[in-house]
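J.: Make a model of this:
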Amino acid sequence: MTTTHFGFESVDEAEKARKVRSVFDSVAPKYDLMNDLMSAGLHRVWKAYTLMVANLKEGDRALDIAGGTGDLALAFSKKVGAGGQVVHTDINEAMLSTGRNRLLDLGVSLPTLVCDAEKLPFASNYFDLVSVAFGLRNMTHKDVALAEMNRVLKPGGKLLVLEFSKVAAPLEKAYDWYSFKVLPRLGKLVAGDDASYRYLAESIRMHPGQKELKAMMHKGGFGHVDYHNLTGGVAALHVGIKC
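T.: Modelled structure (predicted):
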């Protein structure tokens, strides 16, 4: 049996996808509200910065992986215009449905697809931009997913990975207290689910740090890779350019 981590727990690789799916099935209805509460609205600032770095132009093609409730997909669609294309994807049907319905309520209809980032159903060298926000840490084989993202990008195309990361040393104690004491209680109070938010805190600790993820992206085929720490490293935006 090949094992991997689900938070701090060691599980069979085949079991991880089911467990992650269960987490997001549970949190989907309150996902946006919880994002605002647990980050004090900072996730909106991080996504606005990601949009600026994306620098999409009219007519570009963008793929939003683990797009969830559609924040980035919506923002991208406004940049690429009618002549461009934004594909909104997620492995979790509950999250994707929540996002699709939200976009439709706003009068925005995008191609929406349930798919696994490790097996992207798109042609090679197709997209100008691929983004994954707060989704990479939940993937079992991050190296495979990064290679797939590289494959579907055009030469010179850009990958943006926005993810929770390793905080600056002076913030560690306060961040750990918030993550393991406050966050699960907030999840229980608002979403009726403390276990999923305990998993969130654990999964952040198990995710590669800034330098490690940069090295993984290089191995995945990206020639130039850089990262931008956000809010003291609570989150980081990694930028990779396909050779």
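J.: in the protein, which spans are strands?
T.: Ranges of strands within the chain are 3-6, 9-12, 61-65, 85-90, 112-114, 127-133, 153-164, 222-230, 235-242, based on DSSP state E.
J.: Which one, of the ones you listed, ends up nearest to residue 181?
T.: If you check each of the strands of the chain against residue 181 by CB to CB, strand 153-164 wins as the nearest, at 17.2 Å. Bear in mind the C-beta positions are built from the backbone N, C-alpha and C, glycine included.
J.: Work out the gap between that closest one and the centre of the chain.
T.: Taking the mean of its C-alpha atoms, strand 153-164 sits 12 Å from the chain's own mean (CA atoms, centre = their mean, to the nearest Å).
J.: So which residues make contact with that strand?
T.: 46-47, 50, 53-54, 125-137, 146, 149-150, 204, 207, 213, 217, 222, 234-243 (CB atoms under 8 Å, 6 or more residues apart in numbering).
J.: Just the buried ones among those, please.
T.: 46-47, 50, 54, 126-137, 146, 149-150, 204, 207, 213, 217, 222, 234-242 (16 or more other CB atoms under 10 Å).
J.: list the buried ones in the helix or strand of the chain with the lowest mean pLDDT?
T.: Taking mean pLDDT, DSSP states H and E as the measure, the chain has helix 13-27 as its least confident helix or strand, at a mean of 76. With burial defined by 16+ other CB under 10 Å, the residues of helix 13-27 counted as buried are 16, 17, 20, 21, 23, 24, 26, 27.
J.: measure the second one to residue 197 for me?
T.: Shown here: residue 17 relative to residue 197, a distance of 20 Å by CB to CB, to the nearest Å.
J.: For residue 27, which non-adjacent residue is spatially closest?
T.: Once its chain neighbours are removed from consideration, residue 27 has its nearest residue in residue 196; the separation is 5.2 Å (CB to CB, 6 or more residues apart in numbering).
J.: The one you found is in contact with residue 25, isn't it?
T.: No: using CB atoms under 8 Å as the test, residue 196 is too far from residue 25 to be in contact (9.4 Å).
J.: re earlier: so who does the residue nearest to residue 27 touch?
T.: 23, 26, 27, 187.
J.: you'd agree the first one is up against residue 197?
T.: Same thing as residue 23. No: between residue 23 and residue 197 there is no contact, the gap being 9.1 Å when judged by CB under 8 Å.
J.: mind showing which ranges of the protein have poor pLDDT?
T.: Within the chain, the set of residues satisfying pLDDT under 70 comprises 1.
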